[in-house]
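Trainee: Pasting the sequence and the predicted coordinates here, then a few questions.
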Amino acid sequence: MYRKIGLKMAASYSPNFSLPKRAKNRIKFIIIHYTGMKKESAAIKRLQDPKSKVSSHYLIKRNGQIINLVSDLYEAWHAGVSSWKHFKSLNKNSIGIEITNPGHQHGYKRFSKQQIFALQKLLNILVKKYKIKKKYILGHSDISPGRKKDPGEKFPWEILAKNDLSFWHNLDQKKIKKFRKKNLSNRIDENLFLKNLYKIGYNDVKKFKYHKNTKYLTLAFQRRFRQSLVNGKIDKECLLISKSLI
């Protein structure tokens, strides 16, 4: 099947998954990660190492080749402590895709064209096979704000959205940019922003709402929907984008 649509796919299995098999209809999400390691070979080795207790279903190499590490119907160990809407511990309900990239700690790079091409092909297959909603194709930082940064602000969410493989706001980015760095009028607007995030799906809102600092949650939102400026500060542009998304 994969060869027919031009995907370079190889199997190199990982022992890091949970038994028993899950029902096909339990798969609701696709979670996208970056490997966050200097060497691609080291990242693959780690995903296959029983001691690491980490894995994913797929890994997309820098050259666009896809490695199938865990069968879709088993829980791979990729999401960790996570939540989205009413779902908790998303390993149970998701397929994890790792993409080779050194990440923020090792010289974060743009993803290669080959990687994004392969990802879109793979997503098209998985979305059709498991009837996954485009709003349930998420990044690790979406489901674990404050703990994770991947796939980060260089990941092309908008391109995926244009191909109906993700969700994005419908605002003119040139027009809304004039609201960037403009402070919110009052605390009510800040609370409205947080309420909007909760409606979108960020389930850690209640946890962060009464914390002195909402920076982690805002950073996760910006890495996803306002990628040209990720500063952790809620401004009028962020509020407008959050309104558009709901």
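Mentor: Arrived safely, thanks for sending. Numbering: from 1, shown residues only.

Trainee: okay, now the residue lying closest to H104 once chain neighbours are set aside: neighbour count?
Mentor: Once flanking residues are discounted, H104 sits nearest to K149: 5.3 Å by C-beta to C-beta, 6 or more residues apart in numbering. In this view, the C-beta of every residue, glycine as well, is placed from N, C-alpha and C. Neighbour count for K149, taken as other C-beta atoms under 10 Å: 23.

Trainee: Buried residues of the top helix by length along the chain, list them for me.
Mentor: Using DSSP state H, we find that the single longest helix of the chain is helix 113-130. Residues of helix 113-130 classed as buried by neighbour count (16 or more other C-beta atoms under 10 Å): 115-116, 118-119, 121-123, 126-127, 130.

Trainee: Check those against K21 and report the nearest one.
Mentor: Nearest to K21 among the buried residues of helix 113-130: Y130, at 14.0 Å, using C-beta to C-beta.

Trainee: show me the contacts for that closest one.
Mentor: Listed by C-beta atoms under 8 Å, 6 or more residues apart in numbering, the contact partners of Y130 are 24, 27-28, 72, 95.

Trainee: re earlier: I'd like the buried residues of helix 113-130 as JSON lines, with pLDDT and distance to P156 appended.
Mentor: As requested, the buried residues of helix 113-130 are exported to JSON lines (pLDDT from 0 to 100; distance: C-beta to C-beta, whole Å):
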{"residue": "Q115", "pLDDT": "98", "distance to P156": "10"}
{"residue": "I116", "pLDDT": "98", "distance to P156": "6"}
{"residue": "A118", "pLDDT": "97", "distance to P156": "13"}
{"residue": "L119", "pLDDT": "98", "distance to P156": "9"}
{"residue": "K121", "pLDDT": "97", "distance to P156": "15"}
{"residue": "L122", "pLDDT": "98", "distance to P156": "15"}
{"residue": "L123", "pLDDT": "98", "distance to P156": "12"}
{"residue": "L126", "pLDDT": "98", "distance to P156": "18"}
{"residue": "V127", "pLDDT": "98", "distance to P156": "17"}
{"residue": "Y130", "pLDDT": "98", "distance to P156": "22"}
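
Trainee: any idea which residue sits dead centre in this structure?
Mentor: G139 (0.8 Å; C-alpha atoms, centre = their mean).

Trainee: So what does that residue look like in phi/psi?
Mentor: phi -100, psi 160 (degrees, to the nearest 10).

Trainee: Over to L138?
Mentor: Dihedral angles (degrees, to the nearest 10) for L138: phi -130, psi 170.

Trainee: So it sits against K28, correct?
Mentor: No. Counting by C-beta atoms under 8 Å, L138 does not reach K28; the two are 10.6 Å apart.

Trainee: I241 reaches R226, doesn't it?
Mentor: Yes. I241 lies in contact with R226 (C-beta under 8 Å); the separation is 6.0 Å.

Trainee: one step back: Y216: which of the buried residues of helix 113-130 is nearest?
Mentor: L119 (26.1 Å).

Trainee: what residues are up against the closest one?
Mentor: Contacts of L119 by C-beta under 8 Å, 6+ apart are 32, 60, 97, 99, 160.
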